[in-house]
Every structure is written in C-alpha cells, then in structure tokens.
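In: Mind folding the following:
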Amino acid sequence: MIDTGKWTAPSNGTFEHSGGGKWRTQSFNHLRSGILFTFWEYTEKTKVSGMWLLRQNRTHGLSRFIWSSVLLQLLLLSIYLTLLLWLKFYSYPILNTISNDLSITEVAFPGVTICSPKVVNSERVDRYVRTLKIPKGNDIEEVAAGFEFLNAFTDQSFEPPTHDSYRVTDAVLRLNNITTWEAAMAVSPGCSDYVKRCFWGHTEFQCNQSHEYLSFIPTTAYLGPCCSFNYNPRNISFVPFSANIFGMDGGLTFVGAEGSERNLNTGLIVLVHHPMDYVTESAASVTITARSESFVEVSPTVQSSSTDVLELSERKRDCLISDDLRLRNYRQAACLLACQTEAIVQKCGCHPYLLPIVDNKFKECNLNDTFCYAENYDNFKSVRCDQCLPNCYDVTYSTLSYKTDLNQHQFSVSRYYLPELLNSDSFVLRVYLAKQVVPVIRKVTVMSWIGLLSDLGGIFNLCLGLSMISVVEFIYYCTYRLYINYQPQKSQMPRKAWQ
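Out: Sure, this is the predicted structure:
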C-alpha cells in the first residue's frame, strides 16, 4: 500500500516534510549566489571611482580588505554629512540678512501716544458728577468716590478701597446710559490738558483739528485714557502716513503742559509704537516732566521675508501673512490682544474699557467687575498665545531719548521758547526719525531644494565620486539585474512534488 501522505502537501499550505528545511536552505543559497554574481557584474561594468579595485580578479586578501574598509568608511562619512545637511535644511532653513536700502518714505511714521499715570483726577471727577442725573437719596460724594475703582484696570498693585461706593457709581452710570469708556475719558486728563501747540517740521497745525493725519485724538492704552498722534484704533480704514524729513528739525514737535489740573505733578509718559498696534507694555516709553525739552530719536527697523521663505510652512518660517489667515490685515499685536481679551471674557465675562472691542457680543466691564479683573491681573498679562506668530513683514521702532532744562533758554530765536508759550508747567517734546535710510532685516532661505540637491551631489562626489547616473545605475543593478541573475539559479532548484 502506498503511503500517499508522505508526499502530499498539508491542507494549510505548509510543507512539514524534513526536506522542507533543505529546500529553504537551497533557496537562500541560490539567492546569495544571485546577489554575489550581481555584485561581481557591477564591479566589472560600473564607472564609480574605486569600485574597479574590488573586481574578482583584481585584489585579494589584505589588499581587498583595506580597500573595502576605505570605501565603507567613505560611505559612512557621506551618510553622516548628508544627515547634517538635511538637519540644517529642515530645522534651520532661514537666514537673516541686513541691508540699508529702504528710504524713510517707505516706512510709516510711528504712532506717538501720551498718557498720564494718574488715571482718575479728583477735580475732573468733582465736575463730572455734577453733570450726572443722580437719584434722590444718593450722596454725590459717594458717587464720586466710586470712580476710584477705575484704577483696577491699569494699576497692577491696585488695592480695593474699604468702601463699596462702586455699586452706587455703577448704578448712576447705567441710569445716565454712560459706558465705562465714556466715564473714564471724562474723569482722566485728555488731549486738551497737555497738548497745547503742535508743529510738523516748522509748520504749525491745530492739535485737535479734524485731520486724517496731523491731529491728536483721545485713545486708550494699557495705562488707561491717553492722547495719540498718527494712531486711530477706532477707524478700521485708518492708514498711517510716512515722513519725508528726518533729523531734529523735522518730525513732530509740540509744546504741552504736564496738566491743567492743580497739583497734577506726576509727569507724563510718551510711548512710541507701531501706528497700527494697540499700545502695550512692549512699546518704547519716555517720561517727560515740566520745564524740560525732550528729544526722542526714532530708529525704525524693517523685517521682511523673501518669496522662498513665504513658500515654507508657517511654523518653519515662524511668521504669518494676512493670506495665511484670510484676513485683510494680520497683526501679531492684534492677535495677542484678542487672545488676552478672550481670557478676560472667559474669566470675568466682559472686556475692559481700555482694550479695543474685538467682538460686540461681549459686554463692557463695569465697576462691579473690577474685583475679578484685579484678582487675575497678573494672569491676564501672562496669557500664552502660541498661535500668534510674528508678521513676515513688520516695522519695529527703537528710541534714543535725552532732555534739557527749559530754564536755560533765557533767549532764543526759536518760537518754541517764546515766553507766551511757556509757563511753569510747560514742556517741549520732539519726536523725529534719526536717519534717511532704514535698515532691513530680510529672511532668506539657507538653501532651496535645488541647492540641497547640489550640496548632496557635492558630498557624494567628494567621498565616492558618485553622480546621479551612478545612483540610477546602482538602483538598476540592485533591482532588475539582481532579478535576472536570480532566475537561472532558481531554475536549478528541484521542483516540489506537488508542483
């Protein structure tokens, strides 16, 4: 009786006969023979430098070992240099270059904002409360005392008073349909208080005139109510102007007073900033006092990006343009401000009066919300907004300031120092551009894809004498020629009984 199971393949498709291991060994040996034959064929026909020394009948023994070691080390060196080049290309693709080829007419004149560190002026409060409609039974002095809580929005060390007059003041403001912003503007020093005579170059203009550019308007900053030149956050179509003059005799000059209110000797703070950005703590600031002439020399710096940089991903180039977010005008400062406002709204349910309105669906913080804002003041100022990348094109303004004593000007031909313009509370401020040209920091790519391929070719040509055609040839031998050489070896293998 014939034992057919001895030669029948198992039903699960595996070969359990003891000859299966021998068949797999033969298959491996034939594959190794095909690889070896292909290698010898490659060494005989390739034009790669150095490979001819590995031909079968060319070198033997120690000589072959030394030459093989040299080729292997050069291959490892080329791989190492390739990895370094790739890391440089992928991780640090941008290089900053500096040039001085941009005129000041191509750069916006900075915004100039003047603020008083004293947000609430007691004399203004006394006058303002007399204009309000106060219900019977409410003490006018108690209503006036509630305005002190406005300091919570600007004073980091604000300590709430022991009284709760803010409740009465808040109710009176609602009764008179007055917002917190309107109340703060009414009780704080304004443009008419400390801006008296204004000049652009040698031409005088009305400080509070209705003009698109040459005018001071009431604004708000992180210090509270302020007065600004070349900055209009409530006009979404506002476009800042550029200056065509520079130096001390050009730019903005104005004669002002430290304050029209009695006993207001607290000094004023001048902030120089981008004319499209809300004024934050990052703005360059100068403190001015009465009987002084201050000179603020402004040096703009432009940051721009090449077309190759803009083609990189947002995170790789580390900047944004308006098209990335489909916005009319992206500004990092506006993004950070919106992020901070969102954190305040989430915590307190309102937005402070001194921040620009981002969304009308959120109510304005009133005096009842000052406790929430004061308790979380530090947290609001340290909000992380990683999505707010810098602008790919931007202008920053650095300042150099110095001042002199006006008492030294006993006589001068300049009309800035005429006795009828100056008094014991006066000051003179000059803000001007330092140079006629502006430095440009331009982001460029360290290398393009074409440059990367060129450098890779240089590395492999240096180490191994390889070119693109050599790579194609190597792939050809590793695939097609290996397959061709393996077929004759495979045909010599004994066929399985079930085939």
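
In: low pLDDT regions in the stretch 351-499 of the chain?
Out: Along the stretch 351-499 of the chain, segments meeting pLDDT under 70 span 358-360, 409-416, 419-420, 488-499.

In: mind listing the helices in it by residue range?
Out: Taking DSSP state H, counting those that start in this stretch to define them, one finds helices in the stretch 351-499 of the chain at 370-375, 377-381, 449-464, 468-476, 482-491.

In: What of the stretch 151-300 of the chain?
Out: Going by DSSP H, counting those that start in this stretch, the stretch 151-300 of the chain shows helices at 166-175, 180-187, 191-194.

In: Any chance of a markdown table for those, columns mean neighbour count and mean pLDDT?
Out: Bear in mind the C-beta positions are built from the backbone N, C-alpha and C, glycine included. Output for those, formatted as a markdown table (neighbours: other C-beta atoms under 10 Å; pLDDT from 0 to 100):
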| stretch | mean neighbour count | mean pLDDT |
| --- | --- | --- |
| helix 166-175 | 19 | 91 |
| helix 180-187 | 20 | 92 |
| helix 191-194 | 20 | 85 |
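
In: Make CSV out of the ones you listed and add distance to Ile269.
Out: Below are the helices of the stretch 151-300 of the chain laid out as CSV (distance: least, C-beta to C-beta, whole Å):
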stretch, distance to Ile269
helix 166-175, 26
helix 180-187, 17
helix 191-194, 11
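
In: Those helices: which one's closest to Phe371?
Out: For the helices of the stretch 151-300 of the chain, proximity to Phe371 was assessed by C-beta to C-beta; helix 166-175 is nearest, at 9.0 Å.

In: between that closest one and helix 180-187, how many degrees?
Out: 100 degrees (axes from the mean of the first three to the mean of the last three C-alpha atoms, to 10 degrees).

In: Reformat the helices of the stretch 351-499 of the chain as CSV; add distance to Thr287.
Out: Conversion of the helices of the stretch 351-499 of the chain to CSV gives the following (distance: least, C-beta to C-beta, whole Å):
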stretch, distance to Thr287
helix 370-375, 25
helix 377-381, 21
helix 449-464, 50
helix 468-476, 66
helix 482-491, 80
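
In: most tightly surrounded among those?
Out: helix 370-375 (a mean of 18; mean count of other C-beta atoms under 10 Å).

In: For Asn329, which of the helices of the stretch 151-300 of the chain is the nearest?
Out: Ranking those by proximity to Asn329 (C-beta to C-beta) places helix 180-187 first, at 23.7 Å.

In: returning to what we had before: quick check: which of the helices of the stretch 351-499 of the chain is nearest to Ile344?
Out: Across those, closest to Ile344 is helix 377-381 (C-beta to C-beta), at 5.5 Å.

In: What segments of the stretch 51-200 of the chain are strands?
Out: Taking DSSP state E, counting those that start in this stretch as the test, the strands found in the stretch 51-200 of the chain are 94-103, 111-115, 197-200.

In: starting at the chain centroid, how far to the first one?
Out: With C-alpha atoms, centre = their mean, to the nearest Å as the basis, strand 94-103 stands 18 Å off its chain's centre.

In: and if you look at the shortest one?
Out: When C-alpha coordinates are averaged (C-alpha atoms, centre = their mean), strand 197-200 and its chain have centres 35 Å apart.

In: Flag the shaky bits of the stretch 201-350 of the chain, pLDDT-wise.
Out: In the stretch 201-350 of the chain (pLDDT under 70), the answer is 259-266.

In: Can you get me a residue count around Ser382?
Out: Applying other C-beta atoms under 10 Å, we find 9 residues neighbouring Ser382.

In: OK, contacts around it?
Out: Counting by C-beta atoms under 8 Å, 6 or more residues apart in numbering, Ser382 touches no other residue.

In: distance of it from Cys478?
Out: 58 Å (C-beta to C-beta, to the nearest Å).

In: Ser292 pairs with what?
Out: Note on Ser292: beta-bridge partners Asp405, Phe427, judged by DSSP bridges.

In: so what's it up against?
Out: Shown in contact with Ser292 (C-beta under 8 Å, 6+ apart): Lys403, Thr404, Asp405, Leu406, Phe427, Val428.

In: For the third one, list the residues it contacts.
Out: Counting by C-beta under 8 Å, 6+ apart, Asp405 makes contact with Arg291, Ser292, Glu293.

In: now swap in the fifth one and tell me
Out: In this structure, Phe427 makes contact with 255-258, 268, 288-294, 406, judged by C-beta under 8 Å, 6+ apart.

In: Try it again at 6 Å.
Out: Gly256, Ile288, Ala290, Ser292 (C-beta atoms under 6 Å, 6 or more residues apart in numbering).

In: same thing with Ser242?
Out: Contacts of Ser242 (C-beta under 6 Å, 6+ apart): Thr105, Ala108, Phe109.

In: excluding its backbone neighbours, what's nearest it?
Out: Thr105 (5.2 Å; C-beta to C-beta, 6 or more residues apart in numbering).

In: same thing with Asp155?
Out: Per C-beta to C-beta, 6+ apart, closest to Asp155 is Val119, 7.8 Å.

In: ok, how many other residues are close to the one you found?
Out: Using other C-beta under 10 Å as the criterion, the residues surrounding Val119 number 22.

In: gap between the residue most central in space within the chain and Glu314?
Out: Residue closest to the average C-alpha location in the chain (C-alpha atoms, centre = their mean): Pro390, at 1.7 Å. According to C-beta to C-beta, Pro390 and Glu314 sit 11 Å apart.

In: same deal with Phe474?
Out: Per C-beta to C-beta, Phe474 is found 38 Å from Glu314.

In: again with Asp277
Out: 21 Å.

In: for Leu320, same thing?
Out: With C-beta to C-beta as the criterion, Leu320 and Glu314 are 6 Å apart.

In: do Asn121 as well
Out: Distance, Asn121 to Glu314, using C-beta to C-beta: 46 Å.

In: cool, Val431 as well?
Out: 35 Å.

In: Between these two, which is the more surrounded one?
Out: Shown here are Val431 and Glu314; by other C-beta under 10 Å, Val431 has more neighbours (23 against 15).

In: Dig out what the more buried one forms beta bridges with.
Out: Leu252, Val296.

In: can you give me the strands in the stretch 301-450 of the chain?
Out: Taking DSSP E, counting those that start in this stretch as the criterion, the stretch 301-450 of the chain carries its strands at 394-405, 426-433, 437-445.

In: From start to finish, how long is stretch 172-187 in a straight line?
Out: Using C-alpha to C-alpha, to the nearest Å, the end-to-end distance of stretch 172-187 comes to 15 Å.

In: Could you number the chain from 205 rather than 1 from now on?
Out: With the count now opening at 205, the last piece we talked about shows up as stretch 376-391.

In: ok, the nearest residue to Thr384 once chain neighbours are set aside - contacts?
Out: Distance criterion C-beta to C-beta, 6+ apart; nearest residue to Thr384, sequence neighbours excluded, is Tyr557 at 4.2 Å. Tyr557 is in contact with Thr384, Trp385, Ala388, Glu568, counting by C-beta under 6 Å, 6+ apart.

In: what does Asn595 give?
Out: By C-beta under 6 Å, 6+ apart, the residues touching Asn595 are Gln536.

In: Most neighbours among the contacts of Ser446, which one is it?
Out: Phe313 (25 neighbours).

In: And the closest residue to that residue other than its chain neighbours, how far from Leu456?
Out: Computed as C-beta to C-beta, 6+ apart, the closest residue to Phe313 that is not its neighbour in sequence is Ala447, at 4.5 Å. Distance of Ala447 to Leu456, given as C-beta to C-beta: 9 Å.
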